[in-house]
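Participant: structure of the sequence below:
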Amino acid sequence: MQSCTRRFDLAFAFLLAGALLLFVTTSLAVAETEWTGSLTIGADYQGWTDIDDPQGEFDFWHANVAGNAQRRLSEDSKWSIALQGGYRAFGYRFDGLPLGIDPWDETHVVRLSPRMVYAIDQEWSLFGGPVGEFSGESGARFSKAIRGGALFGAQWRPRPGLMIGLGVLGMTAIEDDFLIQPIVLVDWQINDQWRLSTQSWTSRGGRLEIIYAFADSWEASIAGGRERERFRLDRSSAESSEGVGEESSLPITLQISKTLRSALKIDLYGGIAVNGELRVETETGDKIAVSDFDRSFFGGAAITVPF
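Facilitator: This next block holds a predicted model:
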């Protein structure tokens, strides 16, 4: 228990220290402007799901905290700074597996991505910055569960209601090839009711979302995309001691949202994850087991608070 708590504290400290460092260093130079952004807190549950080889089943709870903030360096400056960070916790349960096989239980993921943004003119801007991540099972060694890299790209705003961005994310991997991932950003307000948006900032993957606004401050949306979480394991299993675990799937999400007069936003969502796979690898990345899993249903809720 002490080991689990210690690793949680290290992961939280990693996020907190980075956020405080960025806040302090930029605040010294940007007293004329203020931070704007939002904080999202959510939780969801994915129900019991059959896996193929070895036969068994699993489920998990997932909780997350994510924030983003931005501010200009000064009223007249073309430079601004943006910060994205998040913490995700997963609680897995496996059942019906052969005796002695227990892939993993609790995992923690902390991501931090500060960026500098340069506005060339009213339409074009450039962005870039480092990316840091901790991704590991409770009890995993901190030094073996961290990774880092950088992202760079450009954004184009040809007219109000339309933003298009392209870039690239390069990042080390946990016992895997160096990751080169394209960043494709679109935020298109098609008309008063319909909006199209993409998300692909992190190594976890990206998704496309179509949003429909109706009634008074209500929205409904459907989203889909590939998601992949890869993390360092602890030393509790002789076969996979300090190895690597991975879960990937294609979730399709239906969501309904309500924005209150205070600008607080409440989301209720559910969906199905298809084309799923679980992997367990050795410390050097050699495959121990790979298992597909059946379609799985999930649901949850989130609250977003602007500031």
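Participant: CA only for contacts and neighbour counts going forward, please
Facilitator: OK.
Participant: going along the chain, name the strands of the stretch 51-200 of the chain.
Facilitator: For the stretch 51-200 of the chain, applying DSSP state E, counting those that start in this stretch gives strands covering 56-72, 79-95, 106-119, 124-137, 146-159, 162-171, 179-189, 194-199.
Participant: enumerate the positions of stretch 276-293 that are buried.
Facilitator: Within stretch 276-293, the residues scored as buried using 16 or more other C-alpha atoms under 10 Å are 276-283, 290, 292-293.
Participant: select from these every entry located in strands.
Facilitator: 276-281, 290, 292-293 (DSSP state E).
Participant: can you give me the buried ones in stretch 233-241?
Facilitator: Buried positions in stretch 233-241, judged by neighbour count with 16+ other C-alpha under 10 Å: 233-234, 240-241.
Participant: by pLDDT, give me the weakest of those.
Facilitator: The lowest pLDDT within the buried residues of stretch 233-241 belongs to S240, with 76.
Participant: I'd say it and T284 touch.
Facilitator: No: the criterion here is C-alpha atoms under 8 Å, and S240 misses it with T284 at 10.1 Å.
Participant: any idea how far the residue lying closest to R235 once chain neighbours are set aside lies from F94?
Facilitator: Among residues not flanking R235 along the chain, S241 sits closest, at 4.2 Å (C-alpha to C-alpha, 6 or more residues apart in numbering). From S241 across to F94, the span is 18 Å (C-alpha to C-alpha, to the nearest Å).
Participant: check A154 too.
Facilitator: 43 Å.
Participant: same check on G165?
Facilitator: 40 Å.
Participant: same question, I101
Facilitator: According to C-alpha to C-alpha, I101 stands 9 Å off from F94.
Participant: higher neighbour count, these two?
Facilitator: Applying other C-alpha atoms under 10 Å to I101 and F94 shows that F94 carries more neighbours, namely 19 against 13.
Participant: wait, the more buried one sits on Q55?
Facilitator: No: the criterion here is C-alpha under 8 Å, and F94 misses it with Q55 at 10.6 Å.
Participant: A215: neighbouring residues, count only.
Facilitator: 8.
Participant: do the one 10 residues further on as well
Facilitator: When neighbours are defined as other C-alpha under 10 Å, G225 has 18 of them.
Participant: could you check how far the closest residue to it other than its chain neighbours is from I303?
Facilitator: Using C-alpha to C-alpha, 6+ apart and skipping the chain neighbours, the partner closest in space to G225 is R207 (4.0 Å). Per C-alpha to C-alpha, R207 is found 20 Å from I303.
Participant: can you pull the pLDDT of the nearest residue to I252 once chain neighbours are set aside?
Facilitator: Nearest residue to I252, sequence neighbours excluded (C-alpha to C-alpha, 6+ apart): G224, at 4.5 Å. For G224, the pLDDT comes out at 95.
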